[in-house]
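Peer 1: structural data only, the sequence is not supplied:
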């Protein structure tokens, strides 16, 4: 259940809402990777996802991999955390339906 509309949402809450919109297998994998003690897997996975996004001309790989890589790296690298925060705020205001929120925003 989303937080109360009158309370500003944190980046983690917005990310949780976005992850809930993904297929169940991907949700489970991302939630597992987001656990604090998974840093040893999360950073290499984030780098590989970003490389896969850059190599989007190949089959299976695609631009869809870039945001997942940024999300994974944002757990541990401040630059990506700021980037993720900006993107999540933009989504919240311009495309709230991507988060399962009402179109009117709040």
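Peer 2: Perfect, I can see it now. All of these numbers come straight from a predicted model, not from anything done at the bench.
Peer 1: could you use CA atoms for every contact and neighbour count after this?
Peer 2: Fine.
Peer 1: for residue 48, pull up the helix or strand it's in.
Peer 2: Assessed by DSSP states H and E, residue 48 sits inside helix 39-54.
Peer 1: right, and the helix or strand after that helix?
Peer 2: Per DSSP H and E, the helix or strand that comes after helix 39-54 is helix 65-74.
Peer 1: nearest residue to residue 82 other than its sequence neighbours?
Peer 2: residue 74 (7.8 Å; CA to CA, 6 or more residues apart in numbering).
Peer 1: what's around residue 75, how many residues?
Peer 2: A count of nearby residues for residue 75, using other CA atoms under 10 Å, gives 20.
Peer 1: leaving out chain neighbours, which residue sits closest to the most centrally placed residue in the chain?
Peer 2: The chain has residue 71 as the residue nearest its centroid, 4.4 Å off, counting by CA atoms, centre = their mean. Of all residues not flanking residue 71 in the chain, residue 84 sits nearest, at 6.5 Å (CA to CA, 6+ apart).
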